[in-house]
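Engineer: Let me see the structure of the following:
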Amino acid sequence: MDIAALRSADPDHWMKAAAIRALTLDAVAAANSGHSGMPMGMADVATVLFEKHLKFDAANPEWPDRDRFILSAGHGSMLLYSLLYLTGNPDITLEEVKNFRQWGAKTAGHPENFLARGIETTTGPLGQGISNAVGFAMAEEMLRARFGKKLVDHHTYVIAGDGCLMEGVSQEAIGLAGRHNLGKLIVLWDNNNITIDGKVDLADRTDQVKRFRASGWQVLEIDGHDPEDIDAALTKAKSSKRPTMIACKTHIALGHAAQDTSKGHGALTDHDQLVAAKEAYGWSYGPFEVPGEIKQAWESIGARGAEDRTAWEGRLAEVSERRQAEFARIFAREVPKKLSARIKALKKQISEEQPKVATRKSSEMVLEVVNPIMPETIGGSADLSGSNNTQSGDMTVFDTDNRKGRYVHWGIREHGMAAAMNGMALHGGIRPYGGTFMCFTDYARPAMRLAALTKQPTVFVMTHDSIGLGEDGPTHQPVEHLAISRATPNTMVFRPCDTVETAEAWEIALSSKETPSVLSLTRQGVKTLRTEHRNKNMVAQGAYVLADAEGKRQVILMATGSEVEIAMQAREALQAEGIGTRVVSMPCWELFEQQDEKTRRQVLPGGPVRVAVEAAVRQGWDRWLCGERGREQKAGFVGMDSFGASAPAGTLYEKFGITAEAVTEKAKALL
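Structural biologist: As a prediction, this is how the structure comes out:
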């Protein structure tokens, strides 16, 4: 690659891009850690994007109608940090750049959305950023249909590398984007033919251009170091009704001794090579030094969007106060005032009527009263709508001819669904929830983890939550999945025992601002156990006394979901023998952990025998059985220690010994 020719072709552009390259080299060298090659290779593309196309105001990084820029290739985080610093983002100062990858710095090894404004999402696990971007673009379409182009009209730009495109979730994402004609989604592929192990053809021979075209995308192929070529492609992409992939032919670690090699991917920290690269760039400044005129040129790029933002604020001020308030409410993640009253009314009705229904059906009953008053909810299912019960009667289907639709048919794409829902939440103004079978949290898991990490209140509706689903057998029967979800930090796992608890769980999930929820719901019918109406949301306590002991308290039975009914039956048998038994429903361990010592002691006092009942593995239960004033020799568990089997649900509970009789015997043996 002739660096001298690039420098002389467009000196102004070259020096702006060189600032990114130099800052990247300096930051990675100072940290002795990081990925230099991608920012050096994509600096030209990023410079043209920010200078001529990206609608943003560096001084107001969270302006709702800004274009979204997502660095899917998150290992190249210094590209993003350099851009944010150079354009004048208030959160990314030169000091932050100097502290790249150090304790307490906003400039983490991979971009973290909650550390600084201007970082739209957490990227690093490859494929997640491009998949989030589909959700960003869908959210933009939905909100534009609802509020009009005057308030919502922006693009989502993504820089993705070969790693993002090799990860399987990327196919789920691009298939969705092509199907839904997400014309405001533009992916810039860093086509440098290099991965950590060597050239791409070590492991792959996919023709990415044909792949995107086959998925319904417009594809443009350009020289990723030619600013005119880049500009023309971005201009063309913005006018397309289809999503666009721009294949940017680039050189990884451009101008460095490691250019076009796998070594160029990682930490380029050799001092002599760093000096030589800067010399090739014509960059004669000290470490972290950006000359005034170049910094000023970048800051004027960062300020360019102030005019657009001011005009947008004027348009917002012109709409009715009610509409302004609604726009502000949904972006602030405030629930409507009516929500609490609707939930209470439903709970009262259920306590009186006492239906026996599956909690997946209970969930649908809640959505029927909630969705009409929360137009920001967007529902969906991974091709299991009739099984997950996620579509309420008021919801039409989101499609190319119905952007106001609030129900998404995700297809058999659990991972893509979960990642795109995270993108919707990150975009703002949308509360996404989506369903699949609980067993297939395995397929959605990387995105579920990122929902927790990015602090997004995405709701995962996981039905068919135990051996209770019956004949489909062990491939579909989750036994370890509750433990997996409960092990994830910043996640609320709800396993409600009836419709009343389901309504309370939904109220908490929809009111959450920073924590995702997993709703673990049954296929089989369960009795209404909460027959006495309480206005108070008991699930918010995490665990509570559902039925107390009569006489001296000798046994505490703890259970969740469909097994609470079994615990209640066991209590009846134990009480008949004069053994005072308390039943504690534990729909959300995480919320119970957050209660003060006094509350936890009231629910789980020391002394009595404790037996836990759950049609899942024991892992996690010892916290409540042996901790919290419990004792190992007075603790027992009735549940699963193997995979399930194929048979009717009733047979399975009997054969695996999850019965009221087994619970009764276990408790008596421990007395």
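
Engineer: contacts and neighbour counts: CA atoms only from here.
Structural biologist: OK.

Engineer: which stretches of this structure aren't confidently modelled?
Structural biologist: Within the chain, no range satisfies pLDDT under 70.

Engineer: I'd like to know how many residues surround residue 292.
Structural biologist: Applying other CA atoms under 10 Å, we find 9 residues neighbouring residue 292.

Engineer: Identify the residues contacting it.
Structural biologist: Residues counted as contacts of residue 292 (CA atoms under 8 Å, 6 or more residues apart in numbering): none.

Engineer: now it: how far from residue 281?
Structural biologist: 17 Å (CA to CA, to the nearest Å).

Engineer: same question, residue 564
Structural biologist: Taken as CA to CA, the span from residue 564 to residue 281 is 69 Å.

Engineer: In terms of neighbours, single out the busier of these two.
Structural biologist: Comparing residue 564 with residue 281 by neighbour count (other CA under 10 Å), the higher total belongs to residue 564, at 28 against 23.

Engineer: tell me which element the more buried one falls in.
Structural biologist: helix 563-576 (DSSP states H and E).

Engineer: Identify all contacting residues around that helix.
Structural biologist: Outside helix 563-576, the residues within contact range by CA under 8 Å, 6+ apart are 497, 526-527, 529, 547, 549-550, 557-559, 580-583, 585, 613-615, 659-661, 663-664.

Engineer: Same check on stretch 97-117?
Structural biologist: For stretch 97-117, contacts defined as CA under 8 Å, 6+ apart pick out 23, 27-28, 30-31, 33-34, 61-62, 74-77, 81-82, 85, 89, 91-92, 96, 119-124, 288, 454-455.

Engineer: ok, and for it, which residues are buried?
Structural biologist: Residues of stretch 97-117 classed as buried: 97-101, 105-113, 115-117 (neighbour count, 16 or more other CA atoms under 10 Å).

Engineer: Which of these fall within strands?
Structural biologist: Among these, none falls in strands (DSSP state E).

Engineer: What about those, which are in helices?
Structural biologist: Members of the buried residues of stretch 97-117 lying in helices (criterion: DSSP state H): 97-98.

Engineer: Who are the contact partners of residue 361?
Structural biologist: The contact partners of residue 361, by CA under 8 Å, 6+ apart, come to residue 389.

Engineer: What helix or strand is it located in?
Structural biologist: Per DSSP H and E: helix 359-370 holds residue 361.

Engineer: need the next SSE after that helix, C-terminal direction.
Structural biologist: Once the chain leaves helix 359-370, the next helix or strand it forms, by DSSP H and E, is strand 377-381.

Engineer: what comes into contact with the helix or strand encompassing residue 447?
Structural biologist: According to DSSP H and E, residue 447 maps onto helix 441-453. With CA under 8 Å, 6+ apart as the test, helix 441-453 has contacts from 122, 128, 414-419, 422, 457-458, 462, 481, 488-491, 515-516.

Engineer: switch to 7 Å and redo it
Structural biologist: Contact partners of helix 441-453, identified using CA atoms under 7 Å, 6 or more residues apart in numbering, comprise 414-415, 418-419, 422, 458, 488-491, 515-516.

Engineer: Please pick the buried ones from those residues.
Structural biologist: Counted by 16+ other CA under 10 Å, those give 414-415, 418-419, 422, 458, 490-491, 515-516 as buried.

Engineer: what's the farthest-apart pair in these?
Structural biologist: Spanning the widest gap among the buried ones among the contacts of helix 441-453 are 414 and 490, at 20.8 Å by CA to CA.

Engineer: For the closest residue to residue 304 other than its chain neighbours, the count of nearby residues, please.
Structural biologist: Spatial nearest neighbour of residue 304, excluding adjacent residues (CA to CA, 6 or more residues apart in numbering): residue 57 at 6.8 Å. Using other CA under 10 Å, residue 57 is surrounded by 25 other residues.

Engineer: Then residue 293?
Structural biologist: When neighbours are defined as other CA under 10 Å, residue 293 has 10 of them.

Engineer: what kind of secondary structure is it in?
Structural biologist: helix (DSSP: H, G, I helix; E, B strand; the rest coil).

Engineer: From residue 86, how far off is it?
Structural biologist: 11 Å.

Engineer: now swap in residue 506 and tell me
Structural biologist: 43 Å.

Engineer: So residue 625 sits against residue 637, correct?
Structural biologist: No. Between residue 625 and residue 637 there is no contact under CA atoms under 7 Å: 8.4 Å.

Engineer: Same drill for the two, tell me which one is more crowded.
Structural biologist: Taking neighbours as other CA under 10 Å, residue 625 and residue 637 compare with residue 625 leading, 25 against 22.
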